[in-house]
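A.B. asks: Here's a sequence, model it:
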Amino acid sequence: QVVSDTEDSTSALSVMMEDIPAAQEVVADTGSVAYDGCALSPGSDCIADPVSSHAFLFTMAVCLTPSVSSVVISSGSSNASAMPISGFNGAGLIIEGSGFSDNSCQNVVSLGDNHHCVVTSSSTSQLTCTVDGAGETPMPSLKEQKIAVTVRNSGSA
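C.D. replies: Residues are numbered from 1 along each chain as shown. Down below sits the predicted model:
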């Protein structure tokens with residue numbers, strides 16, 4: 001069972017080196033952020049950005065947190081005994097929920113402890129991905145794996 005926060009909260013961010021706080025210079029938002037070759041889209045209009053002239057603020061908002069409601073294996077292998085992850089290479093998953101980014105590269109899907117599913121298409125309510133079978137650790141089944149979805153610049157489900 002997944003339990004989600006029910007309230008929004010905002011916290012000030014600070015950097016310390018031992019007991020010395022770093023000086024903060026708050027400047028205007030450039031509006032463009034890139035991570036690992038992916039231009040990140042802004043979150044959503046569901047909550048206003050925090051404003052401060054003297055501190056960096058971070059808001060954790062329930063409306064920005066992605067949520068997974070179902071996962072379906074749409075193509076390829078789904079179960080085997082002691083087959084390496086390469087046996088599931090190319091299997092397709094459809095993940096439904098809410099709070100995903102329609103910018104495909106902003107959604108990151110992890111399977112188990114160290115495997116990934118490459119997002120091939122996305123909307124705010126559905127992700128389609130292909131299992132990357134490059135791992136070395138055997139994965140006996142796709143059905144019993146923990147699936148984590150991270151939406152860069154928003155949160156994790």
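A.B. asks: For this structure, which residues score under the pLDDT cut-off?
C.D. replies: Along the chain, the model assigns pLDDT under 70 to residues 1-5, 24-32, 42-45, 53, 77-88, 133-144.
A.B. asks: ranges for the strands of it?
C.D. replies: When secondary structure is read from DSSP state E, the chain shows strands at 9-13, 16-17, 20-21, 33-35, 38-40, 56-60, 67-75, 92-98, 107-111, 115-122, 126-132, 147-151, 155-156.
A.B. asks: So what angle separates the directions of the first one and strand 56-60?
C.D. replies: Angular relation of strand 9-13 and strand 56-60 on a 0 to 180 degree scale: 150 degrees, by axes from the mean of the first three to the mean of the last three Cα atoms, to 10 degrees.
A.B. asks: Buried residues of strand 9-13, list them for me.
C.D. replies: Of the residues in strand 9-13, none is buried under the neighbour-count criterion (16 or more other Cβ atoms under 10 Å). Where you see a C-beta, it was placed from the backbone N, CA and C, and this is true even at glycine.
A.B. asks: ditto for the fifth one
C.D. replies: Burial within strand 38-40, assessed by neighbour count using 16+ other Cβ under 10 Å, is assigned to Cys38, Leu40.
A.B. asks: before we move on, the earlier item: got a markdown table for the strands of the chain, with distance to Asp49 too?
C.D. replies: Conversion of these to a markdown table gives the following (distance: least, Cβ to Cβ, whole Å):
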| stretch | distance to Asp49 |
| --- | --- |
| strand 9-13 | 10 |
| strand 16-17 | 25 |
| strand 20-21 | 23 |
| strand 33-35 | 13 |
| strand 38-40 | 14 |
| strand 56-60 | 7 |
| strand 67-75 | 22 |
| strand 92-98 | 21 |
| strand 107-111 | 22 |
| strand 115-122 | 23 |
| strand 126-132 | 26 |
| strand 147-151 | 17 |
| strand 155-156 | 16 |
